[in-house]
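Enquirer: take this sequence and fold it.
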Amino acid sequence: MKETILFVEPRAGEQNLFARGVTLPLLGPIYLGTILSRAGHEVKILNENLLQRCIKPEELKADVLCLTALTSTAPRAYEIALQYRRLNATGRIIMGGIHASFLPEEALEYVDHVVTGEAEEVIVDLITYGTKLEIIPGRPVQDLDSLPLPDFSLLAGSTRMELWPLQTSRGCPFACNFCAVTSQFGRRYRMNSVESVLEELRRRQGKTLFLYDDNFTARPRHTHELLDRVLSEGLQLKWSAQVRVDAARDSELVRKMRLAGCHCVYIGLESANPGTLKELV
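Expert: Sure thing, here's the model as predicted:
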């Protein structure tokens, strides 16, 4: 049966970076929305950061409300869930994302179901057949190439985006104890094939990209291959990425990144010594 499905990514408080001009949507709702749209459902995605406003009650009309949240946006997600429930007593509310994955019992005070981890391989069955389970374990996508290219036309206001997200891998081969990546996505580092990444890069030429990979250079040989192909095709790109500081040891890799359009890298630095952290700032 065809369902109307509304994905909402809530806005954080004004003190949060993602509410102060950074209109970069999470990719999870867009992947899930694309999968459900291909399965025949009517899908719309609303992102309060992108819209730069809170969504209106009349925009919550849907058979199923799907919420995703970081810890900073969870309180607003719960507000939206309560608002939806007042308007639609029989509609279903599903929540995913990193906050709900780690604190599913908290989220269940406001929603009907929580999907933990990666939801792409369980979302169609959940929407189509339902379940009596309150907590549904997601399954890691082993073949990232099996995912469809994200359909940004489902995202209201996507044409005004100045920065576009793109992901070429999931997980991380390292196990830093201060990082939540391996708990959410696993320590097995999964990569899209070079060809599938190139297909998306060709479509995104002319846009400024941010690579959501938690460590873009975790497999240097693969990164070299991708960069070589970008350079050989002469793709005109401008992008930034997250890397570990050890990427600087490979000067040729850094050079290729720059030639391929990388203008900025983000490096997380940690120390058990508060004084050291203060010096780094």
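Enquirer: residue 210 belongs to a strand?
Expert: Yes: under DSSP: H, G, I helix; E, B strand; the rest coil, residue 210 falls within a strand.
Enquirer: list the contacts of it.
Expert: By Cβ atoms under 8 Å, 6 or more residues apart in numbering, the contact list for residue 210 reads 24, 163, 164, 165, 166, 239, 240, 241. Every residue, glycine included, has its C-beta placed from N, CA and C.
Enquirer: can you flag the buried ones in the residues you listed?
Expert: Among the contacts of residue 210, the ones that count as buried by 16 or more other Cβ atoms under 10 Å are 24, 164, 165, 166, 239, 240, 241.
Enquirer: export these as JSON lines, with columns for pLDDT, distance to residue 276 and secondary structure.
Expert: Output for the buried ones among the contacts of residue 210, formatted as JSON lines (pLDDT from 0 to 100; distance: Cβ to Cβ, whole Å; DSSP: H, G, I helix; E, B strand; the rest coil):
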{"residue": "24", "pLDDT": "87", "distance to residue 276": "30", "secondary structure": "coil"}
{"residue": "164", "pLDDT": "95", "distance to residue 276": "35", "secondary structure": "strand"}
{"residue": "165", "pLDDT": "96", "distance to residue 276": "32", "secondary structure": "strand"}
{"residue": "166", "pLDDT": "97", "distance to residue 276": "33", "secondary structure": "strand"}
{"residue": "239", "pLDDT": "97", "distance to residue 276": "30", "secondary structure": "strand"}
{"residue": "240", "pLDDT": "97", "distance to residue 276": "26", "secondary structure": "strand"}
{"residue": "241", "pLDDT": "97", "distance to residue 276": "25", "secondary structure": "strand"}
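Enquirer: could you list the low-confidence segments of the protein?
Expert: Across the chain, the ranges flagged by pLDDT under 70 are 13-22, 281.
Enquirer: hang on, the earlier thing: okay if I get the contacts of residue 210 as CSV plus distance to residue 75?
Expert: Formatted as CSV, these follow (distance: Cβ to Cβ, whole Å):
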residue, distance to residue 75
24, 20
163, 25
164, 28
165, 24
166, 29
239, 32
240, 29
241, 30
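Enquirer: pick the one among those residues closest to residue 259.
Expert: For the contacts of residue 210, the residue nearest residue 259 by Cβ to Cβ is residue 239; the value is 12.1 Å.
Enquirer: the residue nearest to that closest one when sequence neighbours are not counted bridge partners, please.
Expert: Nearest non-adjacent residue to residue 239, counting by Cβ to Cβ, 6 or more residues apart in numbering: residue 209, 4.0 Å away. Following DSSP bridges, residue 209 is listed with bridge partners residue 164, residue 239.
Enquirer: could you number the chain from 507 rather than 1 from now on?
Expert: Let's use 507 as the start, then, which means that last one is residue 715.
Enquirer: contacts only, for residue 715.
Expert: Residue 715 makes contact with 669, 670, 671, 672, 707, 743, 744, 745, 746 under the criterion Cβ under 8 Å, 6+ apart.
Enquirer: can you map out the strands along this protein?
Expert: Using DSSP state E, the strands found in the chain span residues 510-515, 548-553, 570-574, 598-602, 619-622, 641-643, 669-672, 675-676, 696-697, 714-717, 744-749, 768-773.
Enquirer: most tightly packed of those?
Expert: strand 570-574 (a mean of 27; mean count of other Cβ atoms under 10 Å).
Enquirer: what separates it from the chain centre, distance-wise?
Expert: Relative to the centre of its chain, strand 570-574 is centred 15 Å away, using Cα atoms, centre = their mean, to the nearest Å.
Enquirer: contact partners of that strand?
Expert: Strand 570-574 has contacts (Cβ under 8 Å, 6+ apart) with 509-516, 532, 534-535, 538, 583, 586-587, 590, 594, 597-603, 606, 617, 633.
Enquirer: may I have that strand as PDB, with CA atoms only?
Expert: Taking C-alpha atoms only, strand 570-574 is exported to PDB below (Å, rounded to 0.1, in the frame of the first residue of the first chain):
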ATOM      1  CA  VAL A 570       4.400   8.100   8.700                       C
ATOM      2  CA  LEU A 571       6.700  10.600  10.300                       C
ATOM      3  CA  CYS A 572      10.400   9.700  10.200                       C
ATOM      4  CA  LEU A 573      12.700  11.700  12.500                       C
ATOM      5  CA  THR A 574      16.500  11.800  12.600                       C
END
